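**Student:** Return a 3D structure for these sequence lines:
(one chain, ligands or ions: 1)
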Amino acid sequence: MTIDLPLVARGKVREVYDAGEDRLLLVASDRISAYDHVLPTPIPDKGAVLTRLSVWWFEQLADVLAAHGAEHHLLPPTHLPAEVADRAMLVRRLEMAPVECVARGYLSGSGTVEYRRTGAIVDVELPAGLVEGSRLPEPVFTPSTKADVGEHDEAISFARTVELVGSARAEQLRELTLALYRRGHEVAQQAGIVLADTKFEFGVSGDTLVLADEVLTPDSSRFWPAVTWSPGAVQPSYDKQFVRDWLTSSGWDRQSPPPELPADVVDATRERYVAAYEALTGSSFG
Ligand SMILES: CCOC(=O)Cn1cc(-c2ncnc(N)c2C#N)cn1
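**Tutor:** The predicted model follows:
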């Protein structure tokens, strides 16, 4: 598949193309990553489901954005290249803020590692006695700087965020990130999904803050099934658990190139992405 546009950036599972006239084309692939590896077997429709979900969230979050004097970057889907139309977003090209805006409502992953080491996540103090999967008393803003391809983002303090974007913008990023997370968590809860944490990216257009990137997808967030939520262990992933369990049972050493997934794991995983979309939006994926 060749898109006749200049490639701007390539991530693990997505590409960004220059669509001209200050616009970009964000293309979500069917690739899936697990244990920091991109797997060789695509999940059919994953790119389309996650794109449709982002588009739906941009509409759902419009009131929260407006209440904070912010906008989003999505443009009407005109003239999308046919071969990627169902998994591409045409967006405004922005000056991107050099901060990954992470909101956490639960303790997990790198947050747990930091907490175990210091009782906090960088400069965000947390109460004693929390474990992997614990719900936090209040959602917290734990920004990070964008790492190079293949590296993990590095958590930074709010003071460092202020150095990077200025005080007023840093306050606005924190407030808006937490407001967007709260809305997402509320909607997800109704759908039987725990939105444990998420990462937003923002840009600016003139002096206006603009929500960019993909939004509240299982690739930018931790989705846990609500029915199995039980603090004290790594929580099952809503969408990737079949893949994780099969990779573990396959004996893969998590260092060498990962093995191909069997068809039943691919099918079950595709179904989880579709199920998440249909539970959140109330619409059939089709
Ligand atoms: C390959 C994956 O990398 C990314 O998506 C990160 N990224 C975001 C931009 C961007 N740059 C200007 N304006 C925007 N609206 C966006 C967006 N979204 C570029 N890379």
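
**Student:** isn't there a strand covering residue 18?
**Tutor:** Yes. Counting by DSSP: H, G, I helix; E, B strand; the rest coil, residue 18 is part of a strand.

**Student:** Restrict stretch 193-203 to CA atoms and write it as PDB.
**Tutor:** Presented in PDB, the C-alpha positions along stretch 193-203 are these (Å, rounded to 0.1, in the frame of the first residue of the first chain):
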ATOM      1  CA  ILE A 193     -14.500  -0.600  30.900                       C
ATOM      2  CA  VAL A 194     -12.100   0.900  33.400                       C
ATOM      3  CA  LEU A 195     -10.100   3.700  31.800                       C
ATOM      4  CA  ALA A 196      -7.100   3.300  34.000                       C
ATOM      5  CA  ASP A 197      -4.900   6.000  32.400                       C
ATOM      6  CA  THR A 198      -4.500   7.700  29.100                       C
ATOM      7  CA  LYS A 199      -2.100   9.900  27.100                       C
ATOM      8  CA  PHE A 200      -3.200  13.000  25.300                       C
ATOM      9  CA  GLU A 201      -1.100  15.100  22.900                       C
ATOM     10  CA  PHE A 202      -1.800  18.800  22.300                       C
ATOM     11  CA  GLY A 203      -0.600  21.400  19.900                       C
END
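
**Student:** distance between that stretch and the chain's centre?
**Tutor:** Taking CA atoms, centre = their mean, to the nearest Å, one finds the center of stretch 193-203 at 5 Å from the center of the full chain.

**Student:** Kindly report the same for stretch 209-229.
**Tutor:** Computed by CA atoms, centre = their mean, the chain-centroid distance of stretch 209-229 equals 5 Å.

**Student:** Is that stretch in proximity to the ligand?
**Tutor:** Yes. Contact of stretch 209-229 with the ligand (CB under 6 Å from any ligand atom) involves 212, 213. In this view, the C-beta of every residue, glycine as well, is placed from N, C-alpha and C.

**Student:** Of all the residues in that stretch, which ones are buried?
**Tutor:** Neighbour counts using 16 or more other CB atoms under 10 Å place 209-225 of stretch 209-229 among the buried residues.

**Student:** what's the answer for stretch 182-201, then?
**Tutor:** Residues of stretch 182-201 classed as buried: 182-185, 187-188, 191, 193-201 (neighbour count, 16+ other CB under 10 Å).

**Student:** For the residues you listed, name the two members farthest from one another.
**Tutor:** Greatest spacing in the buried residues of stretch 182-201, by CB to CB: 191 and 201 (23.6 Å).
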